[in-house]
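**Student:** need coordinates for the following:
(2 chains)
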Amino acid sequence: MRQSKLFMPTLKEAPADAVAESHKLMLRGGYVRQVTAGVYAYLPLGYRVLSKAEQIMREEMAKINVPEMSMPDLLPATLWEESGRWQKYGPEMFKLKDRHGRQSLLGPTHEETFTDIVAKDLKSYKQMPIALFQIQSKFRDENRPRFGLLRSREFIMLDAYSFAATKEQLDQQFEDEKKAFTAAYHRCGLKVTPVIADSGTMGGKNSTEFQAPAAIGEDTIATNETGTYSANLEMACSIDTFKQEEEELKQVEEVATPGQETISDLVDFLKVPATRIVKSILYIANENEKVLVLIRGDKQVNEIKLKHLLDVDSLRVATDAELTDITGVTKGSVGPINADWADQVVADNTVNNLYNFVVGANKKGFQFINVNLGRDFNPDKFADVRVANEGEPDPVDHLPLKFTTSIEVGHIFKLGTYYTKTMGANFLDKNGKAQPVIMGSYGIGVTRVLSAVIEQHLTKNGVAWPKEIAPFDLHIVQMKMKDEGQTNLAQKLEEKYSANYDVLYDDRNERAGVKFADADLLGAPVRVTVGKKANEEVVEVKRPTDEKATEMTLSELDEFINKELG
RNA sequence: CGGGAAAUAGCUCAGCUUGGUAGAGCGCUACGUUCGGGACGUAGAGGUCGCAGGUUCGAAUCCUGUUUUCCCGACCA
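**Tutor:** Okay, the predicted model is just below:
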């Protein structure tokens, strides 16, 4: 490809709107342009990278015998009413009406469509296990699109769906997909950690996220140094290292703590450590159930864990008005004693084994001190509902947890029979008995992969593309277009290497500085500069991470390219 | 959805407080000089100042409304 013909509008300065380094680079390098908030056009360079990443993913799917197909973007609401997600999915769905007034939507994911079109056609256990995938645009009306391709409203996703007759088959399919995904990320040059994850609105209990550590990530993952434990912070568990010495039980006392609302207020006011105070927070589950959650003062409640524990669709902290309405007191005075208004009292495990601690007295501006479990109150259940802290031992090997921000580049789910049951996709098992098909779903955010790869491969002046997804393998940069010797050599190299590689030949009549700057920005794995020594058939070769270029003869170049690009 | 900021040339921004015919740098075009790390000079092209109302003799500037974009958070994957 001749660079003079490639629409590659590079910028010296990044638009002020861009914050993430990957976003800036994609705009500066001429990979993408924004059309509207969270919607991007892929220019030739961006499209090439995208296509290469998709090709890798196609190959990895083929290796596990999963064929490609394509579902429509435009879907009828009726399908989603069948699964119950027309309501449940919420405002994130792009909904629209056609001219006949029929409700439609732009697909944010395709569990329903695959259940309808594929699962319902699987009539016998003999047809399974089987899986299919597609790569297409997905639409999610994100509340707040940001960071370029990292959180956009229209994005490209690879989504695979598996159909099994038995749990064992599903487990095997899940492992196959996990392997294929891992291989695809690896080939894209992306460092990825699989972590324990929350399955959100997708349903199912067992899900794994693929997280790519990066400076700009929206997620935090907790891992130990050996990698034997890794979880999204939303799901991470850790061992509580605090231990209170056993004490003689003292008499409960009510003390006035006027105006003290927070734990740190009470620490100062009562002169006790936060570990001797139990925080009480009122949650509203499914908009009707009042759940009082207790946790030791130095810890925080993990709402995702709580949501799983309670097995509810919605969960939120009660508003100040609701709190007063329900308990009669304000923040800071709520507690578990005489809390008849609570439908359920859940205590985090950190509350166990405390002695003579402080809780709200359910009387405005008062606390009880010297409170003890069993004697003064009993929670309905104990559970782990706290946010893990960095440095605490992991639950597997008891090694300290390290937190890393990262980008979610994929998520795989063991869906089970939720969709097939609600939508009625049954098959006959060996005994001739009707059973719902057991499904799994597997997604890679293809456009996120691009952002993540860039985030992980930034250089001083651009990016160092991993060779398998670089927009071009070889960048031939001719210094002087008017020099016939240089032109001859550059064209000779272009022709020779185009047979096996993607070659970009910078044939623009630009100054050397401009060409070098653009070449750094582009970051092809191998750059060949054709300059002064063209007539001696000597070129300069540089990889994006090399400090300096190296002079090479043509045969040395040949060897180098074979070694670098394979 | 709560909070904050912004919208003036392709990009980065000034001008607005104190109303008076639209500015700079980079980029673009032409010519000349230069020619291996985003050159220099000269001459140009390019903007209904987001949109709609209002105040005024006169609005980029003041007022009202509206749209869009970005950031922090909540939500979500």
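**Student:** show the pLDDT at the residue lying closest to residue A:40 once chain neighbours are set aside.
**Tutor:** With C-beta to C-beta, 6 or more residues apart in numbering as the criterion, residue A:40 has its nearest non-adjacent residue at 4.6 Å, and that residue is residue A:32. All C-beta spots, glycine's among them, are computed from the backbone N, C-alpha and C. For residue A:32, the pLDDT comes out at 94.
**Student:** in chain A, which residue is closest to the centre?
**Tutor:** By C-alpha atoms, centre = their mean, the mean C-alpha position of chain A lies nearest to residue A:408, the distance being 1.7 Å.
**Student:** which residue ranges form the helices in chain A?
**Tutor:** For chain A, the helices defined by DSSP state H occupy A:21-28, A:44-63, A:77-83, A:85-88, A:111-117, A:167-187, A:263-270, A:303-310, A:320-327, A:418-423, A:446-456, A:484-498, A:512-522, A:554-565.
**Student:** could you dump these to a markdown table with mean pLDDT?
**Tutor:** Converted to a markdown table, the helices of chain A look like this (pLDDT from 0 to 100):
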| stretch | mean pLDDT |
| --- | --- |
| helix A:21-28 | 94 |
| helix A:44-63 | 97 |
| helix A:77-83 | 93 |
| helix A:85-88 | 85 |
| helix A:111-117 | 96 |
| helix A:167-187 | 97 |
| helix A:263-270 | 89 |
| helix A:303-310 | 89 |
| helix A:320-327 | 85 |
| helix A:418-423 | 95 |
| helix A:446-456 | 95 |
| helix A:484-498 | 97 |
| helix A:512-522 | 96 |
| helix A:554-565 | 98 |
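**Student:** out of those, which one sits most buried?
**Tutor:** Across these, averaging neighbours per residue (mean count of other C-beta atoms under 10 Å) puts helix A:446-456 on top, at a mean of 26.
**Student:** helices or strands up against that helix?
**Tutor:** Applying 3 or more C-beta pairs under 8 Å, 6 or more residues apart in numbering; DSSP states H and E, one finds that helix A:446-456 contacts helix A:21-28, helix A:44-63, strand A:154-164, strand A:206-213, strand A:402-416.
**Student:** surely the residue nearest to the centre of chain A is in contact with residue A:210?
**Tutor:** Yes: here residue A:408 lies in contact with residue A:210, judged by C-beta atoms under 8 Å, at a distance of 7.2 Å.
**Student:** select, out of the helices of chain A, the one closest to RNA strand B.
**Tutor:** Closest of these to RNA strand B is helix A:512-522, at 2.7 Å (criterion: C-beta to the nearest atom of the strand).
**Student:** contacts for that closest one next, please.
**Tutor:** By C-beta atoms under 8 Å, 6 or more residues apart in numbering, the residues outside helix A:512-522 that reach it are A:8, A:10, A:25, A:28-29, A:45, A:459-463, A:471-472, A:475, A:477, A:479, A:504, A:506, A:508, A:527, A:544.
**Student:** for stretch A:350-361, same thing?
**Tutor:** Stretch A:350-361 has contacts (C-beta under 8 Å, 6+ apart) with A:240, A:242-244, A:246-247, A:249-250, A:254, A:266, A:270, A:272, A:275-278, A:280, A:294-296, A:299, A:329, A:332-337, A:366-373, A:379, A:382, A:386.
**Student:** coming back round to it: bridged to the residue nearest to residue A:40, which residues?
**Tutor:** Residues in a beta bridge with residue A:32, per DSSP bridges, are residue A:42.
**Student:** now do the contacts for it.
**Tutor:** Applying C-beta under 8 Å, 6+ apart to residue A:32 gives the contacts A:26, A:40-43, A:46, A:148-149.
**Student:** and the residue in chain A that RNA strand B sits nearest to, what does it touch?
**Tutor:** With C-beta to the nearest atom of the strand as the measure, residue A:531 is the residue of chain A nearest to RNA strand B, at 1.7 Å. Residues near residue A:531 by C-beta under 8 Å, 6+ apart: A:478-480, A:486, A:539-540.
**Student:** try 7 Å this time
**Tutor:** A:479, A:486, A:540 (C-beta atoms under 7 Å, 6 or more residues apart in numbering).
**Student:** thinking again about what came up before, list only buried entries from the contacts of stretch A:350-361.
**Tutor:** Those of those that meet the buried threshold are A:240, A:266, A:270, A:272, A:275-278, A:280, A:294-296, A:299, A:329, A:332-336, A:366-371, A:373, A:379, A:386, by 16 or more other C-beta atoms under 10 Å.
**Student:** keep only those of those residues that are in strands.
**Tutor:** Using DSSP state E, the members of the buried ones among the contacts of stretch A:350-361 that fall in strands are A:278, A:280, A:294-296, A:366-371.
**Student:** wait, which of those is closest to residue A:90?
**Tutor:** residue A:295 (28.3 Å; C-beta to C-beta).
**Student:** how confident was the prediction at that closest one?
**Tutor:** So residue A:295 comes in at 94 (pLDDT).
**Student:** surely it touches residue A:279?
**Tutor:** Yes: Residue A:295 lies in contact with residue A:279 (C-beta atoms under 7 Å); the separation is 5.2 Å.
**Student:** pLDDT below threshold where in chain A?
**Tutor:** Per-residue confidence for chain A (pLDDT under 70) gives these ranges: A:201-205.
**Student:** nearest spatial neighbour of residue A:151, skipping sequence neighbours?
**Tutor:** Nearest one to residue A:151, counting by C-beta to C-beta, 6+ apart, is residue A:145 at 5.3 Å.
**Student:** show me the contacts for the one you found.
**Tutor:** A:37-38, A:151-153.
**Student:** go ahead and confirm the residue nearest to the centre of chain A touches residue A:211.
**Tutor:** Yes: with contact defined as C-beta under 7 Å, residue A:408 counts as touching residue A:211 (5.9 Å).
**Student:** okay, and the common contacts of the two?
**Tutor:** residue A:219.
**Student:** got the end-to-end distance for stretch A:120-129?
**Tutor:** Stretch A:120-129 has an end-to-end distance of 14 Å (C-alpha to C-alpha, to the nearest Å).
**Student:** report the buried residues of that stretch.
**Tutor:** A:120, A:122, A:125, A:128-129.
**Student:** just those residues now: which is nearest residue A:66?
**Tutor:** residue A:129 (10.5 Å).
**Student:** can you pull the contacts of residue A:35?
**Tutor:** Applying C-beta under 7 Å, 6+ apart, we find residue A:35 in contact with residue A:41.
**Student:** please redo it, this time with the cut-off set to 10 Å
**Tutor:** Shown in contact with residue A:35 (C-beta atoms under 10 Å, 6 or more residues apart in numbering): A:41, A:154.
**Student:** and the gap between it and residue A:20?
**Tutor:** Applying C-beta to C-beta, to the nearest Å, the value for residue A:35 to residue A:20 is 18 Å.
**Student:** now do the shared contacts for residue A:295 and residue A:279.
**Tutor:** Common neighbours of residue A:295 and residue A:279 (C-beta under 10 Å, 6+ apart) are A:301, A:348, A:350-351.
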